[in-house]
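Novice: my questions are about this predicted structure, shown below with the sequence.
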Amino acid sequence: MDYLKWNNSIAAHFFKNEMAGRSVHLYVTEELIEHIGQESGANFSDFIEALKIGLPGAKRKGLCVKAWETQENWRRELDYPPYIGYLALFVLAAGIEGDFATHSYYPRLRTLLGEEPTTGQYPSFDKMWKLWEDLEKWSHEDKSGELGIFNSRSVGKRNHIGLPIAQTLLTEKERRALPAIFAAADLDPISYPAEGAIARLLVKHGRKQLGKRTLSLLEETSDSKELRQALLEWIIDELRGWDGTAEDSGKTQIYGLLRLCCKLDSIAKRATISLRCSTKHEFPEEDLLLFIEDHSQVFSCYEESGVLSSPLISESDGKTAAASEFDWLQGLQVRSADSKWCFKLPASPIRVFVNGDTQGLPGIVEVRQLPTQQPFYLAAHEQCLELLTIWGELSCQGFEKLQIIDGLPSGWHLFKAQAACSDELIKQEYPILAFPTNVRLELAGGIRLERGNKFFKFAPPKLFLQGGSESIKVYCNNQLLDSRDSAGNYELPADTPAETKLLIEARSGNDIIKRCSLLLVENYSLPSQSNAQQFDRFGELHTGDNESAGVAGALVGGVDFPDFNFNTFLPIQGKQRIFYVGKEPGQIAICPAESLPTDWEPVWAISKGRHRGQAMFCGTNLIESQPLMSKCKDRKKMREWKEILWHDRKKISPPDRSHLKALWKQFQKEAERV
């Protein structure tokens, strides 16, 4: 294999569709290189020789000089960055074992290349950081995360060798073991504790799956804080991408958490607390039946708000299960009859709640991490009241105990605070009250398009900065963003044109701390149905010919559908009429008196009755819906078109969204000229 084939094969191993939106780490071993070359009859020695030769036509001498040469104008012709093969070699050197000093890197690199293992920086190695940065740019900006997201991170004080070392902190075997460890540790990808608490749980539940070096780094006594922080950031990336599935005794199971949701009645001094299932996995279409382990109680629930279910309903009486009837100190576990689904309420003497508005729920909702600089509630068992009260009075703003006489389990109390200013007094005893230590940029909500970081423009995600400080500023395409609140919640610029890539950076001065990117899409074409795997009406894999009925997502084949009936778009009630308006003068149909158009497509559906009307967009897309001036021979239709758009403009409410409102105004201006 020549260098370019090696390079592309290694790149394709790490950057692929199934990694869309997930973090990619270039963990490379000699075994992996052998595996990649096996199909072409190449081995590890061939790989090293190919790197020494470099790209076809390479003119310069020296390994790092050849690597540097690859990045010149490569985007014009190549699918993958041509320097990934060299970066793979640098990672290999960081992980090679042998009779080397602990922090010795360059002798390892020279050994791989068959040279004398002397010390001292390899010629031009100090330029290689630009290749790592370019790889990050390619994954974020060029590919918008569609093949995975690479973040250029350096650990330790020696920046140049810290870049490849950062890729070796977690082995492939350890990474594959993480889902089972997450499940055993009762971790949730939606709401997880601070890094210190995660580290403790991983050490406790991962001793058999994690290596000695990894366990040593996770220990709080670790000498290398930067390595520990980088390792935890990698693990949290894996946790956030976890959908709850894990292998248990050869069977795939789906794990999630039970989360407490509370409605407070301050007048009656009552707390009404329910339990909801939380999971990133898709809920079943039918109600989910869940049993306590001794089968003494059975509950049901269904998907209600994306990652959260409805409150658990007791099957015995049809009422919402009262969470106060369970022992929060010991926790709770429920499973489906086939044990495929398992949800746990982790045992804890302290439980943190925040306002449920962010998740579209009433009241307050349990979370696994203490929020910074925003209001929160605490449910605490009496065994920890002494330390909790001292911490609340000294380290919190507006800390107070709420008078609740009904709804809490015996021995539990409820507190409220405006904000926590410090976690020093309590984080060691109760890690759930520890602040996050790593800075993170996260995209939440929105409607994602396929894979990667593409979102529909009408439903962009929210942006959150976690673990930040006043010195860290957030920019979007070099435009400074203002946080909506002290919790680090940001909104993307509303006037961003569609198909524009947004590069978001958290900066401290001139240093970029974190980076992410996304693309807002307005027009989207469905992919070809020819290669899509189809299913029949019973959900079984479609085995018939292309002419028979089958479905693949939103694509349906082999079925003749009637023309779309616009009357179903806005139901006609009483004397209400619907005006369907096209983009040219005279294109108007008034339903139900008139038949629907067959020679033009409506852009607006305007309801009009006794009260104020409402304009609703019903075109295919904005680009094809712009008003178009043309001559109309039917003067009556032309007058009706102008009347509804111009003369009745004050009687009709425009659409809510800014881009649709702008289109509505364009139609009004054109109608004025008619």
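Specialist: Thanks, I have the structure now.
Novice: ramachandran coordinates for the spatially closest residue to L210 that is not a sequence neighbour?
Specialist: Nearest residue to L210 in three dimensions, chain neighbours excluded: E174, at 5.6 Å (C-beta to C-beta, 6 or more residues apart in numbering). Bear in mind the C-beta positions are built from the backbone N, C-alpha and C, glycine included. For E174, the backbone dihedrals (degrees, to the nearest 10) come out as phi -70, psi -40.
Novice: roughly how far does E174 sit from S139?
Specialist: From E174 over to S139 the distance is 23 Å, taken as C-beta to C-beta, to the nearest Å.
Novice: now swap in T168 and tell me
Specialist: 19 Å.
Novice: more crowded one of those two?
Specialist: S139 (26 against 20; other C-beta atoms under 10 Å).
Novice: doesn't the more buried one lie inside a helix?
Specialist: Yes. Looking at S139 with DSSP: H, G, I helix; E, B strand; the rest coil, it is inside a helix.
Novice: which residue sits closest to it, ignoring its sequence neighbours?
Specialist: Going by C-beta to C-beta, 6+ apart, S139 has F150 as its nearest residue, at 4.2 Å.
Novice: just E172 next, same as before
Specialist: Nearest one to E172, counting by C-beta to C-beta, 6+ apart, is Y27 at 5.8 Å.
Novice: and that neighbour, what pLDDT?
Specialist: Predicted confidence (pLDDT) for Y27: 92.
Novice: contacting residues around it?
Specialist: By C-beta atoms under 8 Å, 6 or more residues apart in numbering, the residues touching Y27 are 91, 167-168, 170-172, 175.
Novice: highest neighbour count among the residues you listed?
Specialist: Of all the contacts of Y27, the highest neighbour tally under other C-beta under 10 Å goes to Q167, namely 25 neighbours.
Novice: gap between it and T437?
Specialist: In terms of C-beta to C-beta, Q167 sits 22 Å off from T437.
Novice: and D536, how many neighbours does it have?
Specialist: Neighbours around D536, by other C-beta under 10 Å: 15.
Novice: sorry, slip of the keys, the one I care about is A197.
Specialist: A197 has 20 nearby residues by other C-beta under 10 Å.
Novice: need the contact list for it.
Specialist: 431-432, 434.
Novice: again with R368
Specialist: R368 neighbours (C-beta under 8 Å, 6+ apart): 188, 191-193, 352, 432.
Novice: if we can go back for a sec, contact partners for the residue nearest to L210?
Specialist: With C-beta under 8 Å, 6+ apart, E174 has these contacts: 209-211, 214.
Novice: which non-adjacent residue is nearest P493?
Specialist: C476 (6.0 Å).
Novice: low-confidence stretches in the stretch 151-300 of the chain?
Specialist: 156-159, 222-223 (pLDDT under 70).
Novice: now do the helices in it.
Specialist: Counting by DSSP state H, counting those that start in this stretch, the segments of the stretch 151-300 of the chain that form helices are 159-165, 172-184, 195-205, 212-218, 225-241.
Novice: would you map the helices across the stretch 1-150 of the chain?
Specialist: Along the stretch 1-150 of the chain, counting by DSSP H, counting those that start in this stretch, helices occupy 3-14, 30-38, 44-53, 63-70, 84-95, 106-112, 129-137.
Novice: can you redo the ones you listed as JSON lines with distance to G539?
Specialist: Formatted as JSON lines, the helices of the stretch 1-150 of the chain follow (distance: least, C-beta to C-beta, whole Å):
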{"stretch": "helix 3-14", "distance to G539": "32"}
{"stretch": "helix 30-38", "distance to G539": "36"}
{"stretch": "helix 44-53", "distance to G539": "45"}
{"stretch": "helix 63-70", "distance to G539": "48"}
{"stretch": "helix 84-95", "distance to G539": "40"}
{"stretch": "helix 106-112", "distance to G539": "51"}
{"stretch": "helix 129-137", "distance to G539": "41"}
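Novice: of all the ones you listed, which one is nearest L663?
Specialist: Nearest of the helices of the stretch 1-150 of the chain to L663, taken as C-beta to C-beta: helix 129-137 at 34.9 Å.
Novice: now the closest one: average pLDDT?
Specialist: Helix 129-137 comes out with an average pLDDT of 92.
Novice: need the contact partners of it.
Specialist: 67-68, 71, 81, 83-84, 86-87, 150-152, 154, 159-160, 163, 515.
Novice: same check on stretch 148-163?
Specialist: 14-16, 19-26, 90, 94, 105-106, 121, 125-126, 128-129, 132-133, 135-136, 138-140, 165-166, 169, 224, 226-227, 230, 233, 453, 515-516.
Novice: what do you get if the cut-off is 7 Å, keeping everything else the same?
Specialist: With contacts defined as C-beta atoms under 7 Å, 6 or more residues apart in numbering, stretch 148-163 is touched by 14-15, 19-24, 105, 125-126, 128-129, 132-133, 135-136, 139-140, 165-166, 226-227, 230.
Novice: ok so, going back, neighbour-wise, which of the contacts of E174 leads?
Specialist: L210 (23 neighbours).
Novice: surely Y475 touches A506?
Specialist: No. Checked against C-beta atoms under 7 Å, the pair Y475 and A506 is beyond contact range at 8.0 Å.
Novice: more neighbours, the two?
Specialist: Taking other C-beta under 10 Å, Y475 and A506 do not tie; A506 has more neighbours (23 against 15).
Novice: need the contact list for that one.
Specialist: A506 sits next to 439, 441, 465, 468, 472, 474, 513-514 when contact means C-beta under 7 Å, 6+ apart.
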